[in-house]
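In: Sequence plus predicted model, see below.
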Amino acid sequence: MSAFPDSSSTHSISTLITPVVATDGARSELICVQPFDYPKRVMYWLPAMGVPAKHYLPLAEAFAAHGIAMALHEWRGIGSSDHRAGRRSDWNYRQLLEADVAAGMREARARWPQATVWIGGHSLGGQLACLYASLHSDEVAGIALVASGAPYWRTFAYAPWLLAAFALVTPLSQLLGYLPGRRLGFGGNEARGVIADWSRSGRTGHYAAHGMAVDFEQQLAALHLPVLALRLRDDWLAPSASLAWLLEKMPRAIKHVGIVTPDQLAGQAADHFTWMKVPDGIAAQWVDWMDTSSDTRT
């Protein structure tokens, strides 16, 4: 474990790096941000597609200022991960959920064994947080979502164009060995297996993971956890219909939806990514929700 450069001026907040080894040997680093006092709660955070974990340090520090620790997950293929997508290196949702997130969650629980663990995510991270929680509902106390929603093409204003894009990205990634998201201006350089699982959910509106004999639609329908979903007012990448499609998959969940406007972001744009620079107001909403949500695990 090593110290991470602490960008916070609050000396009571500490930031450490914990190495994580998945069951298949993949390695990454978990960024752990904690308050001075032992936290009663931990938020395990899943980033958006192609976004390195370190970009959520302001969010983690905002949580720590409220006494809540945050563990920032690193997706396979970017940042501290020792894997890079390519013709000889491929993975899909199965590895992300069964190997990577599971390993990171074990590290977080080992670091804070007396704390209640929550899970949350941004964009695709929010979707995978829901999928993981549907498989391990006994491990988490609730789900926090921001700028997230199902990518189902019918829920977007530019639906025909999105459907065409979903039809193209899988064969393109198979041809090249990965999806060159950096060049395309969407996500990172993504594994073709991840793109296949993601584009399938975009075309069909249903979740599945190649190699997993799991009915995610059934798992989500049975999920009974509190969920707070925050939608950014001007976020065209996660519109209200997209979020509604995702939340409707969890009819038994105790759901709350909030709308984030520029005045809650120090006047910054309320879009898919800008909130990450000024997350204090968003963190405060989640903290209030966590305080008032029924939590039988504490």
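Out: Great, that's in hand. Numbering: from 1, shown residues only.

In: any idea where the strands of the stretch 51-200 of the chain begin and end?
Out: 69-72, 116-122, 143-146, 178-180, 189-191 (DSSP state E, counting those that start in this stretch).

In: quick one: contacts of the third one?
Out: The contact list for strand 143-146 (C-beta atoms under 8 Å, 6 or more residues apart in numbering) reads 43, 118-122, 126, 129-130, 133, 225-230, 232, 243, 246, 253, 260, 275, 282, 286, 289. (Each C-beta comes from the backbone N, C-alpha and C, glycine too.)

In: likewise the second one?
Out: Outside strand 116-122, the residues that touch it by C-beta under 8 Å, 6+ apart are 40-48, 51, 56, 105, 108-109, 126-129, 132-133, 139-148, 276, 286, 290, 295, 297-298.

In: are any of those residues buried, and which?
Out: Buried by 16 or more other C-beta atoms under 10 Å: 41-48, 51, 56, 105, 108-109, 126-129, 132-133, 139-148, 276, 286, 290, 295, out of the contacts of strand 116-122.

In: I'd like the list of those that fall within helices, please.
Out: 105, 108, 109, 126, 127, 128, 129, 132, 133, 286, 290 (DSSP state H).

In: Poorly predicted segments of this protein, please.
Out: 1-11, 294-298 (pLDDT under 70).

In: what about the longest helix in it?
Out: Selection of the longest helix in the chain by residue count, based on DSSP H, yields helix 159-176.

In: quick one: contacts of that one?
Out: The contact list for helix 159-176 (C-beta under 8 Å, 6+ apart) reads 87, 151, 153, 156, 179, 190-192, 195-196, 199, 202-203.

In: Pull out the buried positions in that helix.
Out: By neighbour count on 16+ other C-beta under 10 Å, the buried set for helix 159-176 is 162, 163, 165, 166, 169, 170, 172, 173, 174.

In: can you redo the residues you listed as a markdown table with distance to residue 100?
Out: Listed next are these as a markdown table, based on distance: C-beta to C-beta, whole Å:
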| residue | distance to residue 100 |
| --- | --- |
| 162 | 27 |
| 163 | 29 |
| 165 | 26 |
| 166 | 24 |
| 169 | 22 |
| 170 | 22 |
| 172 | 24 |
| 173 | 19 |
| 174 | 22 |
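
In: residues in contact with residue 240?
Out: Residues in contact with residue 240, defined by C-beta under 8 Å, 6+ apart, are residue 231.

In: ok, now how distant is it from residue 231?
Out: To residue 231, residue 240 is 6 Å away according to C-beta to C-beta, to the nearest Å.

In: Please apply the same query to residue 124.
Out: To residue 231, residue 124 is 15 Å away according to C-beta to C-beta.

In: Closest to residue 212 out of the contacts of helix 159-176?
Out: Lowest distance from residue 212 to the contacts of helix 159-176 (C-beta to C-beta) belongs to residue 196, with 12.9 Å.
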